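**Student:** Structure here, sequence nowhere to be found:
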Ligand code: ATP
Ligand code: RIB
């Protein structure tokens, strides 16, 4: 197995609206859609669509959403031996608003996701010892995520989202690659904002000082920046392509993480800027289509061969 995801599966309730509401304001939406979401499952499906063999350790409710979600993951080719429906729990839900400009705001109610625990790590030991890449996020209990990261001996990617103001040091230290977006990086490092490359370089340094190994920060249309654990003074920017029309950025970060895991598994010898450049290309595709998983490309939509394609990178 190439990619193992330990994390969340959530049903998305998406309202498309002209602009995001102000505090206390009620707005009329234009359109409503439901979709399969949750950062964990999104990342797993993103990797699976590109052609990775994947497995998902997650918890769903004992309700019709849980039944449907399990079937959906099977159809995406994900190994669901350790995706469990829990009695007396509801499937996690997310209320998402997406503006005409493609921006979003999200509230999640985790439900069954909160029941994912250390025992689920032990039960799936065979996956923890055989998979190449582990992906975790923070929509399930932090202690469970930490347990999963510490049990894994391969390459691990922690997408520390949603961000915590006081991220436990152990969590930062335990992942091979620590990845956040610009607002999460700002919250974690105490920066007022991160809107340019200079500020993102400072955030990379700070996250390194806080104990993280290799750090990646995604920057929306600017692409991503990173610093590797073995080259602590080399800060690199990998730009993204410019897209004509941004329709919906929800899940762009998840498309990036799932794709990064796919490229790391398939091209283990490629340079990190190549793997990140390819992941940015996949994520940029996703922002041009509505929804979360519904916007992720499969191999027919987009295929990137890292043995022949070269991605630009710049020293910061
Ligand atoms: P979300 O929380 O909405 O799922 P995110 O904030 O975690 O996403 P971003 O940093 O916005 O993640 O985007 C991840 C990647 O998606 C970027 O590194 C970039 O490659 C691509 N991307 C996002 N927005 C754009 C855009 N407007 N144009 C081109 N590419 C984009
Ligand atoms: O990253 C996007 C995801 O965040 C959505 O699918 C939603 O479920 C929330 O978890």
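**Tutor:** Nice, I can see it. Keep in mind it's a predicted model, so treat the numbers as computed, not measured. Numbers count the residues shown, from 1 in each chain. Ligands and ions are numbered 1, 2, ... in the order given.
**Student:** Which helix or strand lies directly C-terminal to the least confident helix or strand in the chain by mean pLDDT?
**Tutor:** The weakest-scoring helix or strand in the chain, judged by mean pLDDT, DSSP states H and E, is strand 104-109 (a mean of 92). Note on strand 104-109: by DSSP states H and E, the next helix or strand toward the C-terminus is helix 118-123.
**Student:** Can you list the neighbours in contact with that following helix?
**Tutor:** 6, 57, 59, 82, 84, 128, 143, 144, 147, 148, 151 (Cβ atoms under 8 Å, 6 or more residues apart in numbering). Quick note: C-beta positions are derived from backbone N, CA and C, even for glycine.
**Student:** OK, contacts around the last one?
**Tutor:** Each residue near residue 151 by Cβ under 8 Å, 6+ apart is listed here: 121, 125, 128.
**Student:** what helix or strand is the closest residue to ligand 2 within the stretch 51-200 of the chain on?
**Tutor:** Residue nearest to ligand 2 within the stretch 51-200 of the chain: residue 94 (3.6 Å; Cβ to the nearest ligand atom). Per DSSP H and E, residue 94 falls inside strand 92-99.
**Student:** Strand partners (parallel or antiparallel) of that strand?
**Tutor:** strand 10-17 (parallel), strand 104-109 (antiparallel) (DSSP bridges).
**Student:** what's the spacing between that strand and its chain's center?
**Tutor:** For strand 92-99, the distance from its own C-alpha centre to the chain's C-alpha centre is 16 Å (Cα atoms, centre = their mean, to the nearest Å).
**Student:** again with stretch 150-163
**Tutor:** Mean-position distance between stretch 150-163 and its chain equals 11 Å (Cα atoms, centre = their mean).
**Student:** and what of stretch 274-286?
**Tutor:** The answer for stretch 274-286 is 13 Å, by Cα atoms, centre = their mean.
**Student:** Check which residues of that stretch are buried.
**Tutor:** When burial is assessed from 16 or more other Cβ atoms under 10 Å, stretch 274-286 yields the following buried residues: 274-286.
**Student:** Next to ligand 1, which bits of the chain? Give me the list.
**Tutor:** 104, 181, 218-221, 223-224, 240, 243, 246, 249-254, 256, 280, 283-284, 287 (Cβ under 6 Å from any ligand atom).
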